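Colleague: Below is the sequence, then the predicted model.
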Amino acid sequence: MSAKIYPINTGFIRLDKGLYITGGVGYGQEVEVPTSSFLVTDGTEKILIDTGMSDTRRADWHHPGSYQPEGFRIDEKLAKLGVTPEEIGAVIFTHLHWDHCANTGLFKNATFWVHQKELDFALDPHVLYYKSYESENLNVEAPFKDVTFETVDGEYQYNDFITMFPTPGHCPGHQSVAVETERGVYVIAGDAVFADQNLEPDKHRNLPFTPMGRYVNVFEMFESMEKIIDRADVVLTGHGQGVYEQEVYP
Ligand SMILES: [Zn+2]
């Protein structure tokens with residue numbers, strides 16, 4: 001069987017549209033977005049891209065009003081697909097923000113993959129990002145704290161259908177995951193392409209897509225979006241509703 005991709009909604013985050021999604025448009029507009037992980041399988045290997053967001057208590061601390069409905073935890077969602085956490089052989093992280101790496105302890109048989117730069121920054125974040133990475137300076141414990149990682153330092157072909165490639169900008173060591181399917185290349189973009197609106201043209205600035213509002217480096221963010229859109233036949237976003245138009249891809 002050729003590779004299939006299952007989008008998994010692990011909960012909802014409330015955030016300011018202009019600040020996070022469409023930079024410069026929609027400031028002051030509070031929106032609610034899903035937080036996606038993806039199961040990728042060829043029928044034999046089962047690989048998870050991100051493990052999703054935390055429970056409601058922690059989510060509400062990050063972004064007031066955010067919540068994880070009952071049954072939305074990653075293992076509960078996997079169960080609905082007939083998959084146990086023990087069956088996951090690898091977890092590939094797009095990045096280590098709190099809403100992408102909760103519940104790592106559930107995956108006893110998995111190897112965990114992340115970009116080296118992202119791991120370095122996550123373990124010692126800038127004060128502006130203490131909350132995003134659940135820094136111990138805030139007396140909380142990040143879910144990646146005790147994880148042993150395999151790290152990559154550039155484009156890396158994981159197997160014959162999965163390739164990780166660097167897409168920094170949203171955070172220092174962000175990476176995206178290209179999945180080769182029988183109907184072309186699907187790129188799981190993480191937060192390098194935040195939501196559906198980012199794939200629409202930016203008419204004000206005459207750009208083919210709409211740059212995001214949240215980033216550590218605006219130029220890298222722009223280049224990464226270009227790179228993803230160029231490489232992908234289909235882009236699967238980190239916080240867009242559009243990925244739920246299908247239960248499975250392709
Ligand atoms: Zn996110």
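Modeller: Received, thanks.
Colleague: okay, CA-based contacts and neighbour counts for the rest of this
Modeller: OK.
Colleague: Low-confidence regions, this structure specifically.
Modeller: Of all residues in the chain, none has pLDDT under 70.
Colleague: Would you map the helices across this structure?
Modeller: 56-62, 74-80, 116-123, 218-231 (DSSP state H).
Colleague: Mind checking the ones you listed for the one nearest to Val40?
Modeller: helix 74-80 (11.6 Å; CA to CA).
Colleague: Would you mark the buried spots in that closest one?
Modeller: Ile74, Asp75, Glu76, Lys77, Leu78 (16 or more other CA atoms under 10 Å).
Colleague: mind listing what Asp50 touches?
Modeller: With contacts defined as CA atoms under 8 Å, 6 or more residues apart in numbering, the neighbours of Asp50 are Ser36, Ser37, Phe38, Val91, Ile92, Phe93, Thr94, His95, His100, Cys101.
Colleague: Which members of the residues you listed occur in strands, if any?
Modeller: Members of these lying in strands (criterion: DSSP state E): Ser36, Ser37, Phe38, Val91, Ile92.
Colleague: and of those, the nearest to Asp191?
Modeller: For the ones in strands among the contacts of Asp50, the nearest to Asp191 is Ser36 (9.9 Å; CA to CA).
Colleague: Share the number of residues neighbouring the closest residue to that closest one other than its chain neighbours, please.
Modeller: In this structure, Ser36 finds its nearest non-sequential neighbour in Asn9, 4.7 Å apart by CA to CA, 6 or more residues apart in numbering. Neighbours of Asn9 under the rule other CA atoms under 10 Å: 24.
Colleague: gap between Val185 and Ala192?
Modeller: According to CA to CA, to the nearest Å, Val185 and Ala192 sit 17 Å apart.
Colleague: which of these two has more neighbours?
Modeller: Ala192 (32 against 19).
Colleague: which ones are touching the more buried one?
Modeller: Thr167, Pro168, Gly169, His170, His174, Gln175, Ser176, Met221, Ser224, Met225, Thr237, Gly238.
Colleague: between the ones in strands among the contacts of Asp50, which is nearest Trp61?
Modeller: Looking across the ones in strands among the contacts of Asp50 and measuring by CA to CA, the closest to Trp61 is Ser36, at 19.2 Å.
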